[in-house]
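Asks: pasted the sequence and its predicted model underneath.
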Amino acid sequence: MAKDAAFAALRELLGPKGLIEGEDRAPLLKEWRGRWTGAPSIVVAPGSVAETARVVALCAEHGVAITPQGGNTGLVGGQIPTNGEVLLTLRRLNRIREVSPLDYSMTADAGVTLLDAQKAADAADRLFPLSIGSEGSCQIGGVVSTNAGGVNVLRYGNARDLVLGLEVVLPNGEIWNGLKRLRKDNTGYDLKQLFIGGEGTLGVVTGAALKLFPRPRERTTVFAAVPSPAKALALLSRAQDESGGAVTSFELMSRAILTLVFKNIPETRDPLSAPHPWYVLAEFSSGEAGRLAPMVERVLGDALAAGEIVDAAIAASDRQAADFWRLRHSMAAAMLPEGAQAKFDVSVPVASVPAFLDDADAGVEACCPGARVVAFGHMGDGNIHYDVLAPEGGGAAFKSAAVGAAIERAVYDAIDRLQGSISAEHGVGLARREDIARRKQPAEIAMMRAVKKALDPKGIMNPGKML
Ligand SMILES: Cc1cc2nc3c(=O)[nH]c(=O)nc-3n(C[C@H](O)[C@H](O)[C@H](O)COP(=O)(O)OP(=O)(O)OC[C@H]3O[C@@H](n4cnc5c(N)ncnc54)[C@H](O)[C@@H]3O)c2cc1C
C-alpha cells in the first residue's frame with residue numbers, strides 16, 4: 001500500500017529523532033477540548049526546512065496526505081489528522097533566525113511559539129504586537145496559517161498585517177523562499193497572502209519575516225461598566241478621538257460570561273463593587289511616558305458625564321492590569337464546564353455590533369425561549385464570540401438537531417443582514433467547512449478551489465479542511 005511504503009520511507013528518512021511515538025504522540029492527535037481525534041497515523045517532526053521539504057516531496061510521490069500542526073491550539077479542528085494523514089509538527093523548527101531593530105523586523109522559524117517571538121522582539125527593544133490567549137503554546141506557523149487576530153488588532157492589525165514575507169514548502173516539496181522583508185513590493189500577485197489564513201491547505205509554512213513596532217513606554221488598563229453595547233460603541237469612539245488613537249484593545253463582555261468566570265475559574269473577582277449588564281476592558285498605550293494617565297482619566301470623566309460608563313477601575317499596577325486581563329483570557333475555559341452550547345465567532349462592521357447583538361438575541365429567544373446567551377470579544381474589531389447555552393434547568397430540547405439548526409440560522413441570518421462574517425478569527429477547518437460552502441458566493445468558492453487545484457493538484461495538503 002502507498003501509505004505503508006510512504007511511512008516506511010519517512011521512518012528511514014527521519015530516524016527516531018524525527019518521529020514522535022509512544023505517549024508523546026497522543027496529545028498531538030487530539031484537539032485540546034476533545035472535539036476531534038485523529039485517526040492513527042505517523043507523526044513526523046522534521047528538524048530543518050530541507051528535511052521538511054523532503055518529507056513533503058516523499059508524501060507527494062506516494063500520494064499520501066499531510067496535516068501540518070503548530071501548537072495544536074486551533075479551535076476549528078484544522079490541525080487534527082482525522083483521516084489518518086501524516087501529522088507534520090513544526091515543533092523542532094524553533095529558532096529565531098534574526099531580529100533587525102533598524103528594519104523593525106524579525107525572521108523566525110514556523111515552530112517558534114508566539115510568546116518566544118514576543119520575547120525576542122522585547123529583548124531588542126521592539127514590540128511584536130500579536131497577542132492571543134494561547135500565546136504560550138501556539139506557534140508562528142499556526143498564527144500565520146490561521147491569520148490569528150487577538151486583542152491588539154484594533155491598533156496593529158491581525159497576522160495578515162504583520163507578515164512581511166514567508167518561506168513555504170509547496171505541495172510538491174519545492175521550497176519557496178519569500179522571506180524578503182520589504183514594506184513595498186508591487187511585482188505581481190502578493191503570493192504570501194494565499195498561505196496566510198490558508199490553514200495548511202496550500203503548503204507548509206516553515207519561516208516568517210514579521211513586522212515589529214516601537215515598544216510602548218506606558219500602558220493604562222481600564223475595566224469599565226457600561227449600560228449597553230451601544231454605549232460601549234460610543235465610548236470606543238470617544239476614547240479613540242480624545243486619545244489620538246492610543247486605544248490598543250477594546251474588549252466587550254456581558255455580565256453572563258463574567259459570572260461564569262467567577263464561578264468556574266479560581267481566584268477571580270469582580271474589579272467593581274456592584275454588578276452591571278455589560279463591561280469593557282480597554283487598554284491604551286503610548287510611546288511617551290507620563291502622558292497616558294491624565295488623558296485616560298479625562299476620557300473616563302467625559303464618558304461618565306455622557307452616560308457612556310457607570311463605573312470604572314483603572315489598573316493601579318501591572319499586577320492589577322494582569323488580573324483584569326486574566327478575566328478576559330479565562331472566558332474560553334470558563335465555558336467548558338457549562339455543558340452543551342452553540343458557539344459562534346462572528347464579525348460585523350464595528351458600528352453594527354449593538355444591532356447584531358439585538359438581532360441575534362431576538363432570533364435565538366424566538367427559536368429557543370430561555371436560552372442563555374453569552375457574548376464577549378474584540379468589539380474594537382467588530383468581532384464577537386457569541387455562545388448560546390441551554391435554558392437554566394432544562395437542556396433536553398436544546399440538544400436536538402432541529403433547535404441547534406434554528407439557533408445557527410438565527411445567528412447567521414443576523415450576520416447576513418449586517419454583511420458580516422460567520423468566522424471572524426478562528427478560521428474554517430472542520431467546524432465551519434459546510435457553512436462557508438453554503439454561505440460564500442459561488443464565484444468565491446470557485447476561485448478558492450481553482451487556487452487549491454493550481455498549487456496542490458494531488459490534493460495532499462490538509463484535505464477535508466476548509467474547502
Ligand atoms: C485559550 C485560547 C485563546 C485563543 N484566542 C484566540 C484569539 O484571540 N484570536 C485568534 O485568532 N485565535 C485564538 N485562538 C485560536 C488559536 O490559538 C489560533 O488559531 C492559533 O493561531 C493557532 O496556532 P497553532 O500554532 O496552535 O496552530 P494549530 O492549532 O496547530 O493549527 C491551526 C491550523 O493551522 C495549520 N498550521 C499550523 N502550523 C502550520 C504551518 N507551519 N504551516 C501550514 N499550516 C499550519 C494547521 O494545519 C491548522 O489548520 C485561541 C485558542 C485558545 C486555546
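Replies: Received, thanks.

Asks: and the helices in the stretch 301-450 of the chain?
Replies: In the stretch 301-450 of the chain, the helices defined using DSSP state H, counting those that start in this stretch lie at 318-329, 331-335, 353-367, 401-417, 433-439, 442-455.

Asks: quick one: closest of those to the ligand.
Replies: If you check each of those against the ligand by Cβ to the nearest ligand atom, helix 331-335 wins as the nearest, at 4.6 Å. Any C-beta I mention is one placed from the backbone N, CA and C, and that applies to glycine too.

Asks: count of neighbours near R269?
Replies: Applying other Cβ atoms under 10 Å, we find 8 residues neighbouring R269.

Asks: quick one: contacts of stretch 427-436?
Replies: Stretch 427-436 is contacted by residues 35-36, 74-80, 82, 146-147, 197, 199, 412, 422-423, 445, 464-467 when judged by Cβ atoms under 8 Å, 6 or more residues apart in numbering.

Asks: which members of the residues you listed occur in helices, if any?
Replies: 412, 445 (DSSP state H).

Asks: which among the contacts of stretch 427-436 end up buried?
Replies: Among the contacts of stretch 427-436, those buried by neighbour count (16 or more other Cβ atoms under 10 Å) are 36, 74-80, 82, 146-147, 197, 199, 412, 422-423, 464-467.

Asks: and the ligand, which of the residues you listed contact it?
Replies: 74-75, 78-79, 146, 199, 465 (Cβ under 6 Å from any ligand atom).

Asks: those residues: which two are farthest apart?
Replies: Taking Cβ to Cβ as the measure, those span a maximum distance of 13.2 Å, between L75 and K465.

Asks: excluding covalently adjacent residues, which one is nearest to I384?
Replies: Nearest residue to I384, sequence neighbours excluded (Cβ to Cβ, 6 or more residues apart in numbering): G377, at 4.5 Å.

Asks: right, and the one you found touches N383 too?
Replies: Yes - assessed by Cβ atoms under 8 Å, G377 is found in contact with N383 at 5.3 Å.

Asks: common neighbours of those two, please.
Replies: Common neighbours of G377 and N383, using Cβ under 8 Å, 6+ apart, are D345.

Asks: quick one, what contacts the residue nearest to I384?
Replies: 251-253, 345, 383-386 are the contacts of G377 under Cβ under 8 Å, 6+ apart.

Asks: what about stretch 429-443, start to end distance?
Replies: 20 Å (Cα to Cα, to the nearest Å).

Asks: again with stretch 65-85
Replies: 5 Å.

Asks: the residue of the stretch 51-200 of the chain found nearest the ligand: what's it in contact with?
Replies: For the stretch 51-200 of the chain and the ligand, the shortest gap (Cβ to the nearest ligand atom) falls at G142, measuring 1.9 Å. Contacts here follow Cβ under 8 Å, 6+ apart; on that basis G142 touches 69-71, 73-74, 79, 148.

Asks: and which of those is nearest A316?
Replies: Nearest to A316 out of the contacts of G142 is A148 (Cβ to Cβ; 30.8 Å).

Asks: what's the neighbour count on the residue nearest to R215 when sequence neighbours are not counted?
Replies: Excluding its sequence neighbours, the residue lying closest to R215 (Cβ to Cβ, 6+ apart) is L127, at 4.6 Å. When neighbours are defined as other Cβ under 10 Å, L127 has 21 of them.

Asks: how about L127: which residues does it bridge to?
Replies: F213 (DSSP bridges).

Asks: can you pull the contacts of it?
Replies: Shown in contact with L127 (Cβ under 8 Å, 6+ apart): 121, 212-216.

Asks: filter those residues down to the buried ones.
Replies: 121, 212-213, 216.

Asks: let's have those residues in JSON lines, adding pLDDT.
Replies: Below are these laid out as JSON lines (pLDDT from 0 to 100):
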{"residue": "A121", "pLDDT": "98"}
{"residue": "L212", "pLDDT": "98"}
{"residue": "F213", "pLDDT": "98"}
{"residue": "P216", "pLDDT": "96"}
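
Asks: count of neighbours near S317?
Replies: 9.

Asks: just the strands in the stretch 251-400 of the chain please.
Replies: 278-286, 311-314, 341-347, 372-378, 383-389 (DSSP state E, counting those that start in this stretch).
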